[in-house]
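>>> fold the following.
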Amino acid sequence: MSILNTTVGMNSAMDEINMIQQAQRHHLVVRDIGEEIDLEIGPGDDDPSFSMTIPQEPSNGDHEEQKQMLIASQISIEEQDPGKSQDKKRKKKVVKRWREEWADTYKWAYVDVKEGTARIFCSVCKEYGRKHRRNPYGNEGSRNMQMSALEEHNNSLLHKEALRLQVASKDKILTVVDKSIYVKALTSKTAGSIIEALLRRDPHEAEFIQSVQEVIHSLERVIAKNSHYVRILERLLEPERMVVFRVSWIDDKGETHVNRGFRVQFSQALGPCRGGLRCHPSMNLSIAKFLGFEQTFKNALSPYKLGGAGGGSDFDPKGKSENEIMRFCQSFMNELYRYLGPDQDLPAEDMGVGPREMGYLFGQYRRLAGNFQGSFTGPRIFWSGSSLRTEATGYGLVFFAQLILADMNKEMKGLRCVVSGSGKIAMHVVEKLLAYGALPITVSDSRGYLVDEEGFDYVKMSLLRDIKAQQRSLRDYSKTYGRSKYYEDAKPWNERCDIAFPCAAQNEIDQSDAVNMVNSGCRILIEGSNMPCTPQAIDVLKKANVLIAPASAAGAGGVAAGELELNRECNLMHWSPEDFESKLQDAMKQTYQKAIKAASDFGYSKDSPEALVHGAAISAFLTLAQAMTDQGCI
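This is a model prediction of the structure:
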């Protein structure tokens, strides 16, 4: 019996490995709705993974199922040797149309061609027919029989195990395998050698390498003037501290879940670290490093001398209860608190982390630290923080766009603006655009985008906020405003516009999106999210002379607000919205002027589409390099 158990265990382990490898190799084939397919796919082959199953006492239902399997096995043998069965039964063909409602119903299924015949496959384990041996009807027969087969299939042990393995490996294996790193051509051999060293050291960190490439591309002229900066840059590309830790939390059913937490303190050369926490299933060490690196340059460019950090977790707050989110935040802070403090590192909000999450995080931090030392940037006004903290980043983006237009002797009034995202940054961008008389026409979510050709106004904004607060789809907006349209699985970059504000996520604009944007008349792009454009998209925009305002400069509003919030004088006074906006506008003006001056000092024309991109990176790097040199950093 022990030998049998050992054999079963070995086969189970091999099954897991085979399923993961199969999931990595397989690419789904999308078929057109309405195509004629053969739903009767024959008896299928026996699945060897069930040959070692420990025998159990069969029930009456099991006897019937075994009978079905035996019949299927006999048919298979007869097909292999036609001489043994000359009057074998012909397979019954049931041809149905792969209708749209079936595509919605069978989330588990997709259509592919096997041996010249279109068949329905399981989307999880990539098998068809009676492979599962828990499906007495296969994929044949009437719709009721299909649904019965679906239930049997979904309850099969093989299917459940395949589903578990797919979920476990989806974000950790497939994303690494599928990602490719685009290496931009550099004119300087020195700059190229820095990228080569980075690729050798961290070959799988696609987001981080992409971010570094953009900065090094802007610093080529700086590196060429002084070889000392090469050594500084090499040290800067390695974070001062990376913390990766386990986050165990209990759901409302009492079951334990394990996520991974990250905090990358990239540089403290200019001061204590500031940077966001992001909670999203895609979160990994590469994204944490990319966020920390971007934040380091953003903070260095701002009027406030701060270090940069980034982090978060692969925890997904969507669909979780208040208590589950609170328990996760408390468990997260139990490990991270020892690396935080007002003179070391204070986190801020990012994707998936809002005032609610920051409140839970700070509450646990306060209990563990034993005192109310400082506050995390972003919590609610009634217990800490400035009155316009959450609005600052979105408002700052519009202020920055206004500075660009002023240099062009143009006004914001009447300009068509396309905004992606519908979170706090995107919604506050729309709000401030309305205040300046612009015409914002789009917002988006993970499923698609909403366009209102008449433009949003304050009444429509109120409806949008209600929809988001209730976690409904943006599609519901069209029920009230019939002239608007919601486009599923699409992006807003083909809508006619003058200015674009990408405020959703990194790499949301690819090469084809950039082409659509250029063809739609866009002349200015203000980056609201970190690194919203792929390298190929940047090349398209550059050739079309679209002016790009980088997030390191345009997104500095959040940094300014965070420092005003942590200032004791600000905390003790009640700042009016007018006073706060005045301070924010001053900070954005200083940031803009520093970027323009640095670009000019190194020979980039003010009219160049990348002047702000290069100027922001140069100004931030020179500030960091000077601090590292003065401190004798090794």
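>>> correct me if wrong: L450 contacts Y486.
Yes. Using Cβ atoms under 8 Å, L450 makes contact with Y486 at a distance of 5.0 Å. Where C-beta positions appear, they are placed from N, C-alpha and C, glycine not excepted.
>>> neighbour count: the two, which is higher?
Neighbours of L450 and Y486, each counted by other Cβ atoms under 10 Å, are more numerous for L450; the result is 25 against 18.
>>> which of the three states applies to that one?
strand (DSSP: H, G, I helix; E, B strand; the rest coil).
>>> just G261 next, same as before
Classified using three-state DSSP, G261 is strand.
>>> hmm, it is touching F332, no?
Yes. In this structure, G261 is within contact of F332 by Cβ under 8 Å, at 5.5 Å.
>>> intersection of neighbour lists for the two?
247, 313 (Cβ atoms under 8 Å, 6 or more residues apart in numbering).
>>> could you list the domains of the protein?
187-238, 239-369, 391-565+578-613 (the TED database).
>>> would a markdown table of these with mean pLDDT and distance to E115 be doable?
Output for the domains of the chain, formatted as a markdown table (pLDDT from 0 to 100; distance: least, Cβ to Cβ, whole Å):
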| stretch | mean pLDDT | distance to E115 |
| --- | --- | --- |
| domain 187-238 | 89 | 37 |
| domain 239-369 | 93 | 37 |
| domain 391-565+578-613 | 92 | 32 |
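>>> which of those sits closest to L624?
domain 239-369 (5.1 Å; Cβ to Cβ).
>>> how long is that closest one from one end to the other?
25 Å (Cα to Cα, to the nearest Å).
>>> downstream of the one helix or strand M427 maps to, the next helix or strand is which one?
Using DSSP states H and E, the element containing M427 is helix 424-435. Sequence order places strand 439-440 as the next helix or strand after helix 424-435, per DSSP H and E.
>>> parallel or antiparallel, which strands does the next helix or strand after that next one pair with?
Using DSSP H and E, the helix or strand that follows strand 439-440 in sequence is strand 442-445. For strand 442-445, the paired strands and their directions (DSSP bridges) read strand 448-451 (antiparallel).
>>> for the partner strand, buried residues please.
When burial is assessed from 16 or more other Cβ atoms under 10 Å, strand 448-451 yields the following buried residues: 448-451.
>>> can I get the helix or strand just after it in CSV, CA atoms only?
Later in the chain than strand 448-451, the nearest helix or strand by DSSP H and E is helix 458-469. Only the C-alpha atoms of helix 458-469 are listed here, as CSV (Å, rounded to 0.1, in the frame of the first residue of the first chain):
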residue,chain,number,x,y,z
TYR,A,458,-20.1,69.1,-13.0
VAL,A,459,-23.5,67.4,-13.0
LYS,A,460,-22.1,64.5,-15.1
MET,A,461,-19.0,64.4,-12.9
SER,A,462,-21.3,63.8,-9.9
LEU,A,463,-22.9,60.9,-11.7
LEU,A,464,-19.5,59.4,-12.6
ARG,A,465,-18.4,59.6,-9.0
ASP,A,466,-21.5,57.8,-7.8
ILE,A,467,-20.9,55.1,-10.4
LYS,A,468,-17.3,54.6,-9.2
ALA,A,469,-18.3,54.8,-5.5
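>>> can you name every helix or strand that the following helix or strand past helix 458-469 contacts?
Remark: after helix 458-469, the chain's next helix or strand is helix 477-480, criterion DSSP H and E. Applying 3 or more Cβ pairs under 8 Å, 6 or more residues apart in numbering; DSSP states H and E, we find helix 477-480 packed against helix 458-469, strand 485-488.
>>> what's the longest one packed up against?
Using 3+ Cβ pairs under 8 Å, 6+ apart as the contact criterion, the elements in contact with helix 458-469 are helix 424-435, helix 477-480.
>>> compute the distance between N371 and S211, please.
36 Å (Cβ to Cβ, to the nearest Å).
>>> between these two, which one's more packed in?
With neighbours defined as other Cβ under 10 Å, N371 and S211 compare such that S211 has more, 23 against 6.
>>> distance to Q631 added to the domains of the chain, as JSON lines?
JSON lines is the format used below for the domains of the chain (distance: least, Cβ to Cβ, whole Å):
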{"stretch": "domain 187-238", "distance to Q631": "11"}
{"stretch": "domain 239-369", "distance to Q631": "6"}
{"stretch": "domain 391-565+578-613", "distance to Q631": "21"}
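>>> and of those domains, who's closest to K114?
Nearest of these (Cβ to Cβ): domain 391-565+578-613, 27.4 Å.
>>> show residues contacting the helix holding M427.
So helix 424-435 is contacted by 349, 354, 390-391, 393-395, 397-399, 412, 417, 419-420, 439-440, 443-444, 456-458, 461, 464-465, 468, 501, 503-504, 528-529 (Cβ under 8 Å, 6+ apart).
>>> helices of the stretch 501-634 of the chain, start to end?
511-519, 535-543, 551-554, 557-566, 568-572, 577-601, 611-630 (DSSP state H, counting those that start in this stretch).
>>> export the ones you listed to JSON lines and tack on mean neighbour count?
Shown next, in JSON lines, are the helices of the stretch 501-634 of the chain (neighbours: other Cβ atoms under 10 Å):
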{"stretch": "helix 511-519", "mean neighbour count": "19"}
{"stretch": "helix 535-543", "mean neighbour count": "18"}
{"stretch": "helix 551-554", "mean neighbour count": "28"}
{"stretch": "helix 557-566", "mean neighbour count": "26"}
{"stretch": "helix 568-572", "mean neighbour count": "11"}
{"stretch": "helix 577-601", "mean neighbour count": "19"}
{"stretch": "helix 611-630", "mean neighbour count": "22"}
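>>> need those helices in TSV with distance to E322, can you?
Listed next are the helices of the stretch 501-634 of the chain as TSV, based on distance: least, Cβ to Cβ, whole Å:
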stretch	distance to E322
helix 511-519	36
helix 535-543	39
helix 551-554	31
helix 557-566	25
helix 568-572	27
helix 577-601	30
helix 611-630	39
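>>> and the buried residues of strand 448-451 as TSV, adding distance to L403?
Listed next are the buried residues of strand 448-451 as TSV, based on distance: Cβ to Cβ, whole Å:
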residue	distance to L403
G448	32
Y449	27
L450	29
V451	27
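>>> I appreciate the help and will end here.
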